[in-house]
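Okay, sequence plus prediction incoming.
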Amino acid sequence: MVPPLDPANDNPPAGFLRIDFERGRPEITFNSHVGTLYAKRGEKGTRDEFVMGFRVQPHMCNPAGGLHGGMMMTVADLVGTMGGGTLAGLRKFLPTVNMTFDFVAPAKVGDWVEGRAEIVRQTRSLLFTNIYLTVGEERLLRASQIAKIPSGEGLAFGKARLDRSAQPA
Amino acid sequence: MVIESKVPLGFRKLAITGFAAANGPWFEKIDGRRAIRGFLPREQHANALGIVHGGMLAAFLDSALGTAVFHALQRRAVTVRLTLDYLGPGRVGDWLQAEGEVVGHDEHMAQVRGRLYGPRHDVMTATGTFALLSRHRSLDIRS
């Protein structure tokens, strides 16, 4: 059975808001299925900061009790396309063409994991990014990604937004 | 529920926990020297485009490469590096298979090549570097 998601004990640090991938649609996507994901953005209208974060829960782990590599790869993929796309000012869905992951350290239940993207180069049709997942100062995963920038409008990534309703007053 | 009739003969459901269980079920068939993994993606494995999420495909192919190492060398292994090329979309409702082949190894590391494919086309290719665990050693988790 799929364990129920319990975002109640995620305790995201200040500035992180839950990412709402569904926006009211009944069916959930994989991004919600794997666990609750959060993001921190700069001031509204700016695009120089994008940090994704999540609290490691048991359903994200391998049988040895460590954060599953599949979860790291899923989040790194998203940090590259959604985060890298945000930094580049691209408001459309960027399909991944290639990714390389180096698994440099494990993480455990309860850790708060953050993911950040750095744009290496943007061409007319491709976005090259480096991605790191970290717990505190320690790096867990180094990834490098090539994503396609679709011509034309493409599909807007506007289906995902930050849930500001949970923002403390 | 998985539509069991879509699972080909010879595949048995894997008893797994945690991330793999929450995102499965995954199946496996041992065919001589080959270990083939299978998976039937559903809506919860899809991204905003309605095709199977790249992270899900990555996790599935990674598991198939790890199984290939275990099957070939009788050693458990952890992924150190994984390189993926996304060739085409994985479709929800299509039976997907993944398998790996150990192309080289020494006492500590194994190099694996693998692919993930659907009924009509290749979805992804991969090369992986795996660190072999000494027999009977449990995984260390950072404390």
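It's in. Keep in mind that what you see is a predicted model, and the values were worked out from it rather than measured.

Can I get the longest helix along chain A as PDB, trimmed to CA atoms?
In chain A, taking DSSP state H as the definition, the longest helix is helix A:69-78. Written as PDB, here are the backbone C-alpha positions of helix A:69-78 (Å, rounded to 0.1, in the frame of the first residue of the first chain):
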ATOM      1  CA  GLY A  69      18.200   7.300  -5.500                       C
ATOM      2  CA  GLY A  70      15.000   7.400  -7.500                       C
ATOM      3  CA  MET A  71      13.700  10.200  -5.300                       C
ATOM      4  CA  MET A  72      17.000  12.100  -5.600                       C
ATOM      5  CA  MET A  73      16.800  11.800  -9.400                       C
ATOM      6  CA  THR A  74      13.200  12.800  -9.600                       C
ATOM      7  CA  VAL A  75      13.800  15.900  -7.600                       C
ATOM      8  CA  ALA A  76      17.000  16.800  -9.500                       C
ATOM      9  CA  ASP A  77      15.200  16.400 -12.800                       C
ATOM     10  CA  LEU A  78      12.500  18.800 -11.600                       C
END
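
Show me what counts as buried in that helix.
Using 16 or more other C-beta atoms under 10 Å in any protein chain shown as the test for burial, helix A:69-78 gives A:69, A:70, A:71, A:72, A:73, A:74, A:75, A:76, A:77, A:78. For every residue, glycine as well, the C-beta is placed using N, CA and C.

next helix or strand past that helix?
helix A:84-87 (DSSP states H and E).

what packs against that next one?
In terms of contacts (3 or more C-beta pairs under 8 Å, 6 or more residues apart in numbering or on different chains; DSSP states H and E), helix A:84-87 is packed against strand A:112-122, strand A:126-135, strand A:138-148.

circling back: do the longest helix of chain A and chain B meet?
Yes - using C-beta under 8 Å from any C-beta of the partner chain, we find that helix A:69-78 touches chain B at A:69, A:70, A:71, A:73, A:74, A:75, A:77, A:78.

could you dump the helices and strands packed on helix A:84-87 to a markdown table with mean pLDDT?
Shown next, in a markdown table, are the helices and strands packed on helix A:84-87 (pLDDT from 0 to 100):
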| stretch | mean pLDDT |
| --- | --- |
| strand A:112-122 | 96 |
| strand A:126-135 | 97 |
| strand A:138-148 | 96 |
